[in-house]
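Trainee: Starting from these lines, generate the structure:
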Amino acid sequence: MVHFLQFFVLASCAASALAFPSVKRDIEEVNKHMTAIKSGMTAMHQAIETFPDNGGTLPQALKIHNGAKPLTDSLNAWTDATKRHGAFSAEDCASQIAAVEEFKPEILASLSGIITKRPSFESLEKILKNLLQLIKMDLTQLEAGTIAFADAMINACPEAQQGQPKETKAVVGEAFQKAIAAYA
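Mentor: From the prediction side, this is the model:
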């Protein structure tokens with residue numbers, strides 16, 4: 001009977017260890033996705049920044065479009081990993097906030113730039129019909145991914161650290177609304 005009880009306790013511990021992944025592994029996954037977001041945001045920003053205000057080419061426009069889906073996917077992957085992870089420690093929250101603050105200027109400059117470069121996209125509609133609708137769709141999907149990302153961060157951070165993510169969500173959300181309106 002004692003051997004059975006020991007075996008049962010050991011088996012229960014092993015099952016628990018397998019059923020609940022370590023917090024360290026979860027935050028490493030969150031960090032991996034944050035790195036992908038930063039990389040995707042930098043690539044998107046460079047593509048928008050190098051797209052001319054007038055006379056852009058179709059390959060240049062498609063580079064922007066083709067960068068939107070991987071960036072949206074990275075945002076969604078981070079959001080899913082964060083929801084699985086649960087609450088961040090104060091240190092992990094601060095790290096995630098710092099990462100966002102690092103590329104927030106690129107987000108805002110990209111959204112402003114996409115508005116400024118609308119005439120160049122418009123001139124390409126004779127080559128690719130509905131290009132403006134495609135850009136609007138990309139912006140809408142990126143906005144949805146960004147809102148879910150921000151909400152997940154706000155919910156995962158300790159209450160005392162939620163102010164910065166809430167403020168960033170509002171500022172970036174307003175910039176998305178302006179960009180989407182420019183393509184309506």
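
Trainee: switch to C-alpha atoms for all contacts and neighbour counts from now on
Mentor: OK.

Trainee: what kind of secondary structure is residue 40 in?
Mentor: Per DSSP: H, G, I helix; E, B strand; the rest coil, the local secondary structure of residue 40 is helix.

Trainee: Name the nearest residue to it, ignoring sequence neighbours.
Mentor: residue 71 (5.2 Å; Cα to Cα, 6 or more residues apart in numbering).

Trainee: what sits against that neighbour?
Mentor: 36-37, 40-41, 142 (Cα atoms under 8 Å, 6 or more residues apart in numbering).

Trainee: give me every residue that touches the residue most central in space within the chain.
Mentor: With distances taken as Cα atoms, centre = their mean, the residue of the chain nearest its centroid is residue 75 (2.7 Å). Residue 75 sits next to 33-34, 37, 145-146, 149 when contact means Cα under 8 Å, 6+ apart.

Trainee: Residue 30 now?
Mentor: Contacts of residue 30 (Cα under 8 Å, 6+ apart): 78, 81-82.

Trainee: returning to what we had before: the contacts of residue 75 in helices, which ones?
Mentor: Using DSSP state H, 33-34, 37, 145-146, 149 are the members of the contacts of residue 75 that sit in helices.

Trainee: Pull out the buried members of the contacts of residue 71.
Mentor: Neighbour counting over the contacts of residue 71 (16 or more other Cα atoms under 10 Å) leaves 36-37, 40-41, 142 as the buried ones.

Trainee: Tell me where the model's unsure across this protein.
Mentor: 1-25 (pLDDT under 70).

Trainee: ok, back up a step: list just the nearest of the contacts of residue 30 to residue 135.
Mentor: Checking the contacts of residue 30 against residue 135 by Cα to Cα gives residue 78 as the nearest, at 23.2 Å.

Trainee: who's in contact with that closest one?
Mentor: 30, 33-34, 149 are the contacts of residue 78 under Cα under 8 Å, 6+ apart.

Trainee: run the last query once more with 6 Å
Mentor: Each residue near residue 78 by Cα atoms under 6 Å, 6 or more residues apart in numbering is listed here: 30, 33.
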